[in-house]
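[1] A structural model of the following input is requested.
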Amino acid sequence: MRILVTGVNGFIGSHVAEYLKANGHEVVGFSQSKPSVELDHSLIGDLREEGIADRLKTVFKKVDAIQHIAANADVCDPHPDLFQTNVSGTWELLDYARWSDASFTFSSSSAVYGNIPAPNKENGPTSPTNNYALSKLVMEKMLESYCTVFGLNGFALRYFNTYGTRDHTKGKTASIPYQFLRQAMDKKIVIYGDGKQKRDFICVKDTVRANTLAMENAKGFDVINVGSGTAVEFNDVALLAQKIAGNNAPIEHIDNPLKNGYQLYTQADMTHAREKIGFFPQVSLEEGMKWMYDYYSKPQ
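    The predicted structure follows:
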């Protein structure tokens, strides 16, 4: 297949592109800077630009599938750029998908659930608590509309908290397992609040598999959770980081500066993912964090 991957220079996008390329697909990438992974062809640009769809049609011609992973993921960003990137950019890509007759796999987020009691089901309520989460829900509805009106085939994947190597490329939005592990390696772990908040953490190796299975099984429209199905306390993640780093790094609790729009407990109901695309997470949190530790212990 000929596959377009957006955000190919980012954390998840680079892993998806690398996996697809290694498995014999022709991979073309779109990103804001020169890709760090091997591709068949790439285009540097910005989803906020006008006429991105026409540019993609001219440069890449038609593709068989689109993996749309690029996004502004800053939950604290109130600037219009967030909606221009996430919403307007997705609209352009959907136009390109329609022209190409390509399937569309879109990276949504568990943030759309907000603080709805977990475990969260795809057909249950949503309650975005920040603009990032709201933009993701709007993007889901846009994809559903294109699938309904124009016969596009596409899945929205609601990622839970993905972690793994190259997590550092996300900056301040990097995962908690990554942040605590790096802090443990630097001898001090800082936790917002009492540390009893819980997240469903999934290794990027599993996320890549979910993206591939969704692409291979895309028919009509659907929403699919991509998580581990297990929620882990931040305090336990910190203890695991200590263990893996091999030291007794002190743990400090500080006041949470992100009280507004903050999710206290996320956990995916993975029933639909198993039934719809045959996805089962395979990497435990400890295995995934050990993999990260080995990676970040070496000079970058």
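[2] residue ranges of the strands in the stretch 101-250 of the chain, please?
    Taking DSSP state E, counting those that start in this stretch, the strands of the stretch 101-250 of the chain run over residues 103-109, 154-159, 161-163, 189-192, 198-203, 221-226, 231-233.
[3] output those strands as JSON lines; include the columns mean pLDDT and mean neighbour count.
    Placement of C-beta: from N, CA and C, glycine included. Conversion of the strands of the stretch 101-250 of the chain to JSON lines gives the following (pLDDT from 0 to 100; neighbours: other Cβ atoms under 10 Å):
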{"stretch": "strand 103-109", "mean pLDDT": "97", "mean neighbour count": "26"}
{"stretch": "strand 154-159", "mean pLDDT": "98", "mean neighbour count": "26"}
{"stretch": "strand 161-163", "mean pLDDT": "97", "mean neighbour count": "26"}
{"stretch": "strand 189-192", "mean pLDDT": "95", "mean neighbour count": "19"}
{"stretch": "strand 198-203", "mean pLDDT": "97", "mean neighbour count": "25"}
{"stretch": "strand 221-226", "mean pLDDT": "98", "mean neighbour count": "23"}
{"stretch": "strand 231-233", "mean pLDDT": "97", "mean neighbour count": "18"}
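[4] export those to CSV and append columns for distance to Tyr295.
    Below are the strands of the stretch 101-250 of the chain laid out as CSV (distance: least, Cβ to Cβ, whole Å):
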stretch, distance to Tyr295
strand 103-109, 22
strand 154-159, 20
strand 161-163, 12
strand 189-192, 19
strand 198-203, 12
strand 221-226, 22
strand 231-233, 21
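[5] closest to Tyr262 out of those strands?
    strand 189-192 (8.4 Å; Cβ to Cβ).
[6] got any ranges where the protein has weak pLDDT?
    For the chain, applying pLDDT under 70 flags the ranges 76-78, 259-261, 300.
[7] so Tyr295 is in which element?
    Element membership for Tyr295, per DSSP states H and E: helix 285-296.
[8] what about Tyr132, how many residues nearby?
    23 (other Cβ atoms under 10 Å).
[9] check contacts around the closest residue to it other than its chain neighbours.
    Leaving aside its chain neighbours, Tyr132 sits nearest to Val75 (4.6 Å; criterion: Cβ to Cβ, 6 or more residues apart in numbering). By Cβ atoms under 8 Å, 6 or more residues apart in numbering, the contact list for Val75 reads Ala111, Asn130, Asn131, Tyr132, Ala133, Thr173, Leu258, Gly261.
[10] any chance of a ChimeraX selection covering the buried ones in these?
    This is how ChimeraX selects the buried members of the contacts of Val75, with burial counted by 16 or more other Cβ atoms under 10 Å:
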select :111,130,131,132,133,173,261
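[11] sitting in helices, which of the contacts of Val75 do you find?
    Asn131, Tyr132, Ala133 (DSSP state H).
[12] between those, which is nearest Ala241?
    Checking those one by one against Ala241 (Cβ to Cβ), the nearest turns out to be Tyr132, at 25.5 Å.
[13] go ahead and confirm that closest one touches Ser109.
    Yes - using Cβ atoms under 8 Å, Tyr132 makes contact with Ser109 at a distance of 7.4 Å.
[14] wait, Asp40 sits on Val27?
    Yes - with contact defined as Cβ under 8 Å, Asp40 counts as touching Val27 (5.6 Å).
[15] more crowded one of the two?
    Using other Cβ under 10 Å as the criterion, Asp40 and Val27 rank with Val27 on top: 27 against 13.
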